[in-house]
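Novice: One predicted model, sequence on top.
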Amino acid sequence: MEERMLVFIDESGDPGMKGKRGSSEFFVIAAVIFEDNEEAAACDLRVDRLREELGLHRRHEFHFNSCSARFREQFLRAVSPFNFFYHALVLNKAELWGQGFQNKESFYKYTTSLVFENAKPLLRRAKVIIDRCGDHEFRCQLARYLKRRVNAKEPGSLIRSVSMEASHTNNLLQLTDMVCGAVARSFKPDKRDQWAYRQLITHRELRVQVWPALRQ
């Protein structure tokens with residue numbers, strides 16, 4: 001049986017439009033890609049070992065926003081030797097317009113599709129795992145949307161399946177969260193550690209697209 005590549009999806013920020021109270025300036029979504037299942041399994045095991053090394057509970061969840069600077073750095077250093085790559089999309093909400101972006105589900109689906117359009121040349125029989133979000137109906141709609149949009153000209157050959165999993169039970173979704181968080185942090189010039197984390201994994205970066213582009 002042909003091996004499927006693995007693609008993990010997570011996001012940072014919120015879909016609220018700029019100007020609303022508490023809304024983030026950017027919405028970042030990342031796709032972490034493993035072409036080799038054995039490499040993915042090895043990276044998974046390395047995250048387990050890292051918990052032991054740091055004296056953490058075996059069920060501890062690595063989440064960028066709740067991790068200390070030390071844990072962020074040690075996590076990204078631990079996983080950086082493994083052969084994965086990532087695409088990220090940074091949605092510049094200040095430059096968005098259109099009624100569709102006011103709807104959370106439409107916003108999320110459109111943003112996810114842009115990431116997959118960028119990653120499309122790499123995809124082959126991909127198993128896509130997305131951090132669980134929304135209700136059951138929304139997750140089903142998102143799965144159908146991705147398959148229809150990405151597989152439009154080559155049905156079934158690019159995405160074979162889409163599933164939702166809880167990140168606290170999936171080390172590679174936690175990896176995706178940490179990658180996404182590192183990218184998001186690099187767009188916060190008020191933070192002293194703005195580039196500290198993304199530079200640790202820059203050799204795994206395929207593309208980080210800002211859309212619409214930032215004004216100079």
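Specialist: Nice, I can see it.
Novice: And the helices in this structure, which stretches?
Specialist: 37-53, 69-79, 104-119, 136-150, 171-185 (DSSP state H).
Novice: measure Leu200 to Ser161 for me?
Specialist: As judged by Cβ to Cβ, to the nearest Å, Leu200 and Ser161 stand 31 Å apart. Glycine gets a C-beta too; all of them are placed from N, C-alpha and C.
Novice: closest one to Glu95 among the helices of the chain?
Specialist: Of all the helices of the chain, helix 104-119 sits nearest to Glu95, with 13.9 Å by Cβ to Cβ.
Novice: Now do the buried residues in that closest one.
Specialist: 105, 107-116, 118-119 (16 or more other Cβ atoms under 10 Å).
Novice: likewise stretch 174-193?
Specialist: In stretch 174-193, counting by 16+ other Cβ under 10 Å, buried: 174-187.
Novice: rewinding a little: compile the helices of the chain into a markdown table and extend it with columns for mean pLDDT and distance to Asp193.
Specialist: Below are the helices of the chain laid out as a markdown table (pLDDT from 0 to 100; distance: least, Cβ to Cβ, whole Å):
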| stretch | mean pLDDT | distance to Asp193 |
| --- | --- | --- |
| helix 37-53 | 97 | 20 |
| helix 69-79 | 98 | 6 |
| helix 104-119 | 81 | 25 |
| helix 136-150 | 75 | 32 |
| helix 171-185 | 97 | 7 |
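Novice: what would those helices look like in JSON lines with distance to Lys127?
Specialist: As requested, the helices of the chain are arranged in JSON lines below (distance: least, Cβ to Cβ, whole Å):
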{"stretch": "helix 37-53", "distance to Lys127": "9"}
{"stretch": "helix 69-79", "distance to Lys127": "19"}
{"stretch": "helix 104-119", "distance to Lys127": "13"}
{"stretch": "helix 136-150", "distance to Lys127": "12"}
{"stretch": "helix 171-185", "distance to Lys127": "11"}
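Novice: quick one on the thing from earlier: so which of the buried residues of stretch 174-193 is the closest to Val79?
Specialist: The closest of these to Val79 turns out to be Leu175 (Cβ to Cβ; 5.7 Å).
Novice: now that closest one: how far from Phe64?
Specialist: From Leu175 to Phe64 the distance is 10 Å (Cβ to Cβ).
Novice: Nearest residue to the middle of the chain?
Specialist: Centroid-nearest residue in the chain, with Cα atoms, centre = their mean: Ala30, separated by 2.7 Å.
Novice: contacting residues for the closest residue to that residue other than its chain neighbours?
Specialist: Nearest residue to Ala30, sequence neighbours excluded (Cβ to Cβ, 6 or more residues apart in numbering): Cys180, at 3.9 Å. By Cβ atoms under 8 Å, 6 or more residues apart in numbering, the contact list for Cys180 reads 10-12, 28-30, 64, 88.
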